[in-house]
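1. next input, structure requested:
(chains A and B)
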Amino acid sequence: MPQSMSRHADELDHLFKEINIVAGITLAVTGVVLFVALYRSSPHRPVKFVSGHVGLEFAWTLIPAIILVALAVYQSGTWKTNKIDFPKGEQPIARVVARQFDWEFFYAGPDGILNTVDDLRSVNELVVPSSEHVLLELHSLDVIHSFSVPKLRIKQDIVPGTVHRIWFTPTQVGKLEIICAELCGWGHYNMQAKMSIVSPAEFDRWLNGLANNNLGDGNLD
Amino acid sequence: MLLTCIQPKMIELERRNPTTIPFHSQLWLLSAILFLCLGCTPSPEFRFNEVELQIQRNKLLEQDEDFPDHNRQDIATFVTALFGTPDVPRFPPLGLKGEPQSWVSLEHLTQSAGPVSSDRDGVKFGLYREHCVQCHGITGDGRGPTSGFLNPYPRDFRLGRFKFKSTGGRAPPTNADLKRILLEGIPGTAMPSFKLLEEEQIDALVDYVKYLSVRGQVERGMINELSQLDVGGSRLILWPVVHGDRTTLNDERDDSGSRASENGEKQTENLDADADIKPLDEQLEYYMDEAYYRYLEMWLDAENEITTVPSPPESLLDDPELYAAGKALFLGKANCAQCHGMTGLGDGQTANYDLWTTHWLETRGVKPLDPRTHQQFIRAGAFPPRSMKPRNLRLGVFRGGNRPEDLYRRIANGIDGTPMPAVSMDVAEVWALVAYVMRLPDERLTEDRTRPMPTGDRR
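-> Numbers count the residues shown, from 1 in each chain, chains lettered A, B, ... in the order given. So this is what the prediction gives:
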């Protein structure tokens, strides 16, 4: 597993491990049962054709159902915090626009509001502060892309015409990479972007640099 | 049960076809076919600029002349001798002209050219074929496999003209301009950003784009030159050297009578008319001057052609007076509304074509709206013409960049190769236009006509 850099990633890794254990036990048990059932033959006992064994059918329907429902209930807390309970009253830090074949990131400009004319544009480079909540707004301009950051355990398909929102809480600063996880055309390989999680002070400095680059600082060449 | 049903039929089939090819032979056959299809792909070659040739042919036909086929061969030989092949690029040294600096680095070219591979140190080669060729084509003619599906069409480098650059007029872009496009992509088109490549790789690709451009320009220049019937009073032809019997041109002059029988009457006339054919080295020097150094000087001079952007006025984006002045210019003096529409939606005049289309579309006898007259050019490799759509300025997406300095340059310099002209206005007026255009996406399209909700007690 790649290094985990968000709180949500830790939770998911935890779930992943537990589900793996449950699935592993299930695989072992069903394997043994199947093996015994197939190789239990004996010359003294003729093969019997059974049609509709109520007990058996109940068993192999109910046991998996109970396991699955139990897992669903067990993970519902994680699902709720990450997919349903968005931090209230917080604005996305950036708008992510996926297109064939690059990532564009827009930050609020001097007016502090996203989706206005003075938005700052950065291509293939996303920088976010290591604040409590980082919200992103995902858009696609052409086909279905998928915003995937392995180190954050985030993978969100982006359907054109729909706004998807994601959020996470970084646990450390560092460099990450964003990849497109949905085959989107010949240049799919090129749809990678750099991402870094930096301290809020450094983020402000970076944003200032971007503003100077985008809007001109009065000292143009 | 299932098997027993099938088996008798299979046996029957085998009996009916006693000459069935055994399985291992089939395998051999299959691998042979696969090898023939995949294994022996010849290394790609630069495609000859047939469109330019067709343009010149049409011009010559009007004068009852023809473009000799051996000239075409000569041009290909000349250009290959100068620039090499897609696998082994080269470029003529500048030493001939006493220029100290090199316009591209051979190291960069070899890194960009050739098939995709990497060496033991992880240095990647064949960058152009890895990242660019799908759209821009091996020749840089914008005819890659995906090109037909794209709107706008991928850039054809061979005209040596680029839209989004810091230089004015027809001047080629600077290295920094090309690099910026590779790094940032062109928003609103299919050109993506290649920011993840290493800087060295971007530099290598920039050089390769310049190389393909100059190569294309030289090829076009040669086609043009060899279509001129008379150049500077003395006849310049390459053919006696390559297609004659390897005699020198001086011998050729004396020998012109005997060649007449081989080459027909017309050439006899020409040769007789121009008694002094220049010797080969002079010819080559002439062509190097006319078709190589002429273009190269422009590329080398690009840095000096950069349009400086004066400092923008204070509060560019929130000065109502500047905005109003910009709007007045947009609708009036600057004449932007003619193409971009009164509201900036890009719905004005749309019957224009870009340079990469007009350069063949303006041939005599070719009508923009009559596809039958395009056939000869389409067959030669031109794209079906598509009229230019003036930019919708309300999307807030500007292909040449969203920075005020980008917009300043687009307005002050125009966009090369498109109907967008350079305006002749003073600096303050251009900045006013920039201020207006940058705010356009925020402006309401129509007046607010809804009546205010009646206030007071409603029963």
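
2. A:Phe16: what secondary structure?
-> Assigned state for A:Phe16: helix (three-state reduction, DSSP: H, G, I helix; E, B strand; the rest coil).

3. residues near it, how many?
-> 13 (other C-beta atoms under 10 Å in any protein chain shown). Backbone N, C-alpha and C define where each C-beta goes, glycine included.

4. which residue is nearest the centroid of chain A?
-> A:Ile154 (2.1 Å; C-alpha atoms, centre = their mean).

5. ok so B:Thr189 is a helix residue?
-> No - secondary structure assignment places B:Thr189 outside any helix; it is coil (three-state DSSP).

6. for it, what are phi and psi?
-> phi -130, psi -180 (degrees, to the nearest 10).

7. what helix or strand is whichever residue of the stretch 201-350 of chain B sits closest to chain A on?
-> For the stretch 201-350 of chain B, the residue closest to chain A is B:Val309, as judged by C-beta to the nearest C-beta, at 4.6 Å. When elements are defined using DSSP states H and E, B:Val309 is found to belong to no helix and no strand.

8. gap between the residue nearest to B:Gly126 when sequence neighbours are not counted and chain A?
-> For B:Gly126, ignoring the flanking residues on the chain, the nearest one in space by C-beta to C-beta, 6 or more residues apart in numbering or on different chains is B:Val116 at 3.7 Å. Note on B:Val116: its distance to chain A, by C-beta to the nearest C-beta, to the nearest Å, is 12 Å.

9. residues contacting B:Val116?
-> The neighbourhood of B:Val116, defined by C-beta atoms under 8 Å, 6 or more residues apart in numbering or on different chains, consists of B:124-126, B:129-130.

10. do the same with B:Leu212
-> If a contact means C-beta under 8 Å, 6+ apart, then B:Leu212 has B:139-140, B:157-158 as its contacts.

11. same question, A:Ala28
-> With the criterion set at C-beta under 8 Å, 6+ apart, A:Ala28 makes contact with nothing.

12. mind checking which helix or strand it is in?
-> If you go by DSSP H and E, A:Ala28 is part of helix A:7-38.

13. and that helix, what's buried?
-> With burial defined by 16 or more other C-beta atoms under 10 Å in any protein chain shown, the residues of helix A:7-38 counted as buried are A:7-9, A:11-12, A:15.

14. can you give me the angle the helix or strand just after that helix makes with helix A:7-38?
-> Sequence-wise, the next helix or strand beyond helix A:7-38 is helix A:54-79, with elements assigned using DSSP H and E. Regarding helix A:54-79 and helix A:7-38, their directions subtend 170 degrees when assessed with axes from the mean of the first three to the mean of the last three C-alpha atoms, to 10 degrees.

15. counting contacts, what elements does the helix or strand that helix A:54-79 is followed by pack onto?
-> Helices and strands here follow DSSP H and E; after helix A:54-79, the next one along the chain is strand A:94-99. With contacts defined as 3 or more C-beta pairs under 8 Å, 6 or more residues apart in numbering or on different chains; DSSP states H and E, the packing partners of strand A:94-99 are strand A:102-107, strand A:125-129, strand A:134-140, strand A:145-149.

16. can you check what angle separates strand A:94-99 from strand A:125-129?
-> Computed with the same axes, to 10 degrees, the direction of strand A:94-99 lies at 160 degrees from that of strand A:125-129.

17. what strands line up against strand A:94-99, and which way round?
-> The strands beside strand A:94-99 in its sheet (DSSP bridges) come out as strand A:102-107 (antiparallel), strand A:134-140 (parallel).

18. show residues contacting that strand.
-> Applying C-beta under 8 Å, 6+ apart, the set of residues contacting strand A:94-99 from outside is A:103-107, A:114-115, A:119, A:126, A:128, A:136-142, A:145, A:147, A:158, A:180, A:191, B:192.

19. rewinding a little: the residue nearest to B:Gly126 and A:Gln156, how far apart?
-> B:Val116 sits 32 Å away from A:Gln156 when distances are taken as C-beta to C-beta, to the nearest Å.

20. so who does A:Asn213 touch?
-> For A:Asn213, the residues meeting the contact criterion (C-beta under 8 Å, 6+ apart) are B:Arg403.

21. what about chain A, any weak spots by pLDDT?
-> For chain A, residues meeting the criterion pLDDT under 70 lie at A:215-221.

22. list the buried residues of stretch B:62-80.
-> For stretch B:62-80, by 16+ other C-beta under 10 Å, it's B:67-68, B:71-72, B:74-76, B:78-79.

23. just these: which are in helices?
-> Per DSSP state H, helices hold the following members of the buried residues of stretch B:62-80: B:71-72, B:74-76, B:78-79.

24. which one of the residues you listed is nearest to chain A?
-> The shortest distance between chain A and any of those, using C-beta to the nearest C-beta, involves B:Val79 and amounts to 29.2 Å.

25. quick one: the closest one from B:Gln111, how far?
-> In this structure, B:Val79 lies at 22 Å from B:Gln111, with C-beta to C-beta as the measure.

26. got it, and B:Gly137?
-> Distance, B:Gly137 to B:Gln111, using C-beta to C-beta: 19 Å.

27. which of the contacts of B:Val116 sit farthest apart?
-> Between all members of those, the longest pairwise span (C-beta to C-beta) is found for B:Lys124 and B:Arg129 and amounts to 10.8 Å.

28. now do the same contact list for B:Asp203.
-> When contacts are counted by C-beta under 8 Å, 6+ apart, B:Asp203 is found next to B:108, B:175, B:179.

29. so which residues make contact with stretch B:289-302?
-> Judged by C-beta under 8 Å, 6+ apart, the contacts made with stretch B:289-302 from elsewhere in the structure are B:82, B:92, B:94, B:97, B:99, B:101, B:103, B:160, B:167, B:170-174, B:210, B:213-214, B:217-218, B:221-222, B:225.

30. now these: which count as buried?
-> Neighbour counting by 16+ other C-beta under 10 Å classes B:82, B:92, B:94, B:103, B:160, B:167, B:171-174, B:210, B:213-214, B:217-218, B:221-222, B:225 among the contacts of stretch B:289-302 as buried.
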